[in-house]
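J.: Let me see the structure of the following:
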Amino acid sequence: MKEIWTGRLAQAAGKYGEHAPMATVCCNACRTCVTTNIFALVGAGVAGAGYKAAQFAKRLVSPSAS
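T.: Okay, the predicted model is just below:
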């Protein structure tokens with residue numbers, strides 16, 4: 001049993017070892033994309049909140065005649 005398990009483990013390690021450099025590039029690219037997307041979403045949220053706050057403040061300062 002131990003011989004089969006060790007043999008399969010070696011095969012799996014060899015198989016994934018061949019793709020290790022490609023996996024590193026992929027993970028770094030995904031990490032960069034996720035970071036960029038998070039910053040974009042946070043920035044859009046801050047901009048949207050600022051816009052709504054400006055509209056609210058404008059409405060408080062100069063109420064319309066409606």
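
J.: Now do the top helix by length along the chain, average pLDDT.
T.: Scanning the chain for the longest helix, with DSSP state H as the assignment, gives helix 20-61. For helix 20-61, the mean per-residue pLDDT is 85.

J.: counting contacts, what elements does that helix pack onto?
T.: With contacts taken as 3 or more CB pairs under 8 Å, 6 or more residues apart in numbering; DSSP states H and E, helix 20-61 sits against no other helix or strand. No exception for glycine: its C-beta is placed from N, CA and C like everyone else's.

J.: ok, residue 60 - contacts?
T.: With contact set as CB atoms under 8 Å, 6 or more residues apart in numbering, residue 60 has no partners.

J.: quick one: it and residue 54, what's the gap?
T.: Distance of residue 60 to residue 54, computed by CB to CB, to the nearest Å: 11 Å.

J.: Ok, residue 42 next?
T.: Residue 42 is 19 Å from residue 54, by CB to CB.
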